[in-house]
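Asks: Have a look at this fold, sequence not included:
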């Protein structure tokens, strides 16, 4: 097997049937980056994903709060495959792997032979066994979950309008970036959005509480940024409760470990991710949190031709945060190791280049902590951090069209927020009608 | 009751409680135009609609074929109300009307008193009693229906990819503008979209048939335009069957009245609209097609303070086409008659100003027939007509943001269609996952 164009960086047409077959399970940040690198090098890539799209996960909280349309942050994997040389897409769930026969079994279409296999399946929500969480909590880790959460929020706001007795109590569980972003956006929705869109609803009928087990919000950030974040959230009306552990989530309330109870119309679980539930069927060694154990070169323990990357992979002795950046870098790295192996070279140890971390609290407020650079520590907060956050997130949105649209949506949201009220839930539509469409002729 | 600002054309703040209460049932083209005119004049307007959004119906076929996101052609009625002076929105279905007591009963929130009432409820699909149509046909008259149709199309295309035995037969019923636009877009999807997005699917496995009972397509258009339309559709691969009446729609086929059978994986019913099914509960006199009978001033027969407008209203002796233009003009007209009545003046007879009709067949092809102007007949076809169609539709899209987004989407679709394949089903995502989200963690 030879790979003629493997070291060219161009998109030159590749002669079919020349490169090795690489099957990539999952089309998220890790999978698409691996596919692009391999396809351009001349390998024949097949992405297998049970969803026909990939989501830009870091902005799903915007979908949940109605700031962006689902289509703004999702991108069809078939379009990705069409734009990527030597790349195909199969919409299927992987049901099993025959490592001996180098073959992946799917629930849609026949089995797929591979020369190399990359697991990039991602993760699911992890409730850490909290009673009632699975049944009553909502999440924003996937597009589907975000749309569901949004519908609960919109339904509750509608109910406030017609039922003057009702309040709307939202509890966000988890003080990491996802929880902070969600709570901050909800607070903004309350103070700016509701007066415009629901002029008859008093804003003190909406309560946003952020519950965090640890002593501080945003634990990986510096103390200065953590304090800034807490102050900003409180100024925006969020009831911030640190060192508060959840004992149980009930249908209409949350029981804390100190015995107190908080009323809850909606509990949003942002406290952690765990294993993808299909992983245990694949017969690979799992580490902490159900992540697939890989060696320093990202190969799965005991496998020569199988890699695992992203949130669902765990590098032994070097666990990395479950974020987009590590996943993307690992995707490119795994692809390069396959190129090395095909060229008869050894694989190399992956090292993560931490570009820094950021989280947004709301309009005009974010925290950015850059990586240390020659001993220099750089961090900043406020409007500048917010602009940096917006810019970076838009830059990384997959696909030029989505990027442009989201930029317009976010800009429109920012510019028209209080004036025209087309912000918060402006272009969002309630998608629940899909369930009973016979009921729903439109007027006109 | 006096209306201080009634003849001002400004958005001057209105002193609450001064104008008459006008309840508008339905927030489509007719209802929103009436609301805007009345709200600006100083009346207190309440729009009641069971959906929280309004759809731009003329572009729903683009949603059904994946060219536009649902959010591109829908607009939240609460945002409309927030931007319109003296306007409120109630998400509810009207369950009854007490004309004596001037009061509307709703299924959500208390009854609403009115001084004037405008029915703008719109229409539903009309199957004209065709056996099997209700059960097996899909429509594109509402946002929800378009999303469902889109999901059937995408699922069938996915199935072509993994099952080489399968074909995809689509039958569009009805040769009016909706049917022509749908068939033309499907044909384009077949010839341009599939080779890019499903490179392993031969396009001759997809068949698009347009079935029309009458002798010609686009009956209200001139013969020249009708012939152009048929030629264009045929050139794009549509099997056009005029003088073909449907006898029955079955699960996987369509039986024609001549006894022949056409296989059908999907039947799209675009053959006509009928009464909104709630109308008969309201106790008003109905005319042909279940439309509410109104006099020349658009007042409901036998009512002094009740108007009916749009597709769901029928002017006695002067039936108008069920299109956006008449609905919008009637909305403004009904509002002006209420202003007349409040000022102690008589109502005036509505007259429709026909600005012309247009239909698009696909990229670079459309037909436009302008109204006769001083005896001059103007019509045009082809690229110019298509550009006119795009421009006019975008201009009328409700709300600046949606307009801009749709323009970008349509432009991107046009410019990148064959090259990058981000067109046809580019930014569309399969929304079926919402049904079983427990199944669906995303990868990353």
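Replies: Cool, the structure landed. Model, not experiment: these values are computed from the prediction.
Asks: ok, now which ones touch residue A:237?
Replies: For residue A:237, the contacting residues are A:187, A:190-191, A:208, by C-beta atoms under 8 Å, 6 or more residues apart in numbering or on different chains. The C-beta positions use only the backbone N, C-alpha and C, and glycine is treated the same way.
Asks: how close does the residue nearest the centre of chain A sit to chain B?
Replies: The centre of chain A sits closest to residue A:57, judged by C-alpha atoms, centre = their mean, with a distance of 2.5 Å. Counting by C-beta to the nearest C-beta, to the nearest Å, the separation of residue A:57 from chain B is 6 Å.
Asks: Stretch A:271-284: end-to-end distance?
Replies: One end of stretch A:271-284 to the other measures 26 Å (C-alpha to C-alpha, to the nearest Å).
Asks: so how far is chain B from residue A:246?
Replies: In this view, residue A:246 and chain B are 21 Å apart by C-beta to the nearest C-beta.
Asks: In this structure that residue contacts residue A:260, no?
Replies: No - Residue A:246 is beyond contact range of residue A:260, at 11.2 Å (criterion: C-beta atoms under 8 Å).
Asks: quick one: which of these two has more around it?
Replies: Neighbours of residue A:246 and residue A:260, each counted by other C-beta atoms under 10 Å in any protein chain shown, are more numerous for residue A:246; the result is 25 against 11.
Asks: for stretch A:138-154, which positions count as buried?
Replies: Going by neighbour count (16 or more other C-beta atoms under 10 Å in any protein chain shown), the buried part of stretch A:138-154 is A:138-154.
Asks: Go ahead and measure how far that stretch is from the middle of the chain.
Replies: Centre-to-centre, stretch A:138-154 and its host chain are 13 Å apart (C-alpha atoms, centre = their mean, to the nearest Å).
Asks: Tell me how confident the model is about it, as a mean pLDDT.
Replies: Confidence for stretch A:138-154, expressed as mean pLDDT, is 90.
Asks: Next: stretch A:243-262.
Replies: 96.
Asks: Same check on stretch A:191-199?
Replies: Rounded mean pLDDT across stretch A:191-199 is 86.
Asks: measure that stretch end to end?
Replies: One end of stretch A:191-199 sits 12 Å from the other (C-alpha to C-alpha).
Asks: Same check on stretch A:280-300?
Replies: By C-alpha to C-alpha, the extent of stretch A:280-300 from end to end equals 14 Å.
Asks: how distant is that stretch from the center of its chain?
Replies: A distance of 21 Å separates the centroid of the chain from that of stretch A:280-300, by C-alpha atoms, centre = their mean.
Asks: now stretch A:314-329
Replies: Offset of stretch A:314-329 from its chain centre (C-alpha atoms, centre = their mean): 14 Å.
Asks: before we move on, the earlier item: show the model's pLDDT score for the residue nearest to the centre of chain A.
Replies: 85.
Asks: hang on, it packs against residue A:139?
Replies: No - in this structure, residue A:57 is not within contact of residue A:139 by C-beta under 8 Å, at 11.3 Å.
Asks: Can you list the residue ranges for strands in the stretch 151-300 of chain A?
Replies: Secondary structure of the stretch 151-300 of chain A by DSSP state E, counting those that start in this stretch: the strands cover A:168-173, A:206-211, A:238-241, A:246-249, A:253-256, A:261-263, A:266-269, A:273-275, A:292-294.
Asks: correct me, but residue A:197 touches residue B:80?
Replies: No - judged on C-beta under 8 Å, residue A:197 makes no contact with residue B:80 at a distance of 10.4 Å.
Asks: Now the closest residue to residue A:68 other than its chain neighbours: phi and psi?
Replies: Closest residue to residue A:68 apart from its sequence neighbours, by C-beta to C-beta, 6 or more residues apart in numbering or on different chains: residue A:62 at 4.2 Å. Backbone torsions for residue A:62, taken as degrees, to the nearest 10, come to phi -70, psi -30.
Asks: and what of the one 5 residues further on?
Replies: The main-chain torsion angles of residue A:67 are listed as degrees, to the nearest 10 and equal phi -80, psi -30.
Asks: Could you report the pLDDT at it?
Replies: 76.
Asks: Equivalent analysis for the one 10 residues further on, please.
Replies: At residue A:77 the predicted local confidence, pLDDT, stands at 89.
Asks: quick one: contacts for it?
Replies: Per C-beta under 8 Å, 6+ apart, neighbours of residue A:77: A:27, A:32, A:47, A:49, A:51-54, A:89, A:91.
Asks: So which bits of the stretch 201-350 of chain A are right by chain B?
Replies: A:276-277, A:310-312, A:324, A:327 (C-beta under 8 Å from any C-beta of the partner chain).
Asks: and chain A, what are its domains?
Replies: With automatic domain parsing serving as the domain definition, the record reports that chain A contains domains spanning A:21-124+A:273-342, A:133-271+A:357-420.
Asks: Any chance of a markdown table for these, columns distance to residue B:39?
Replies: Shown next, in a markdown table, are these (distance: least, C-beta to C-beta, whole Å):
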| stretch | distance to residue B:39 |
| --- | --- |
| domain A:21-124+A:273-342 | 24 |
| domain A:133-271+A:357-420 | 13 |
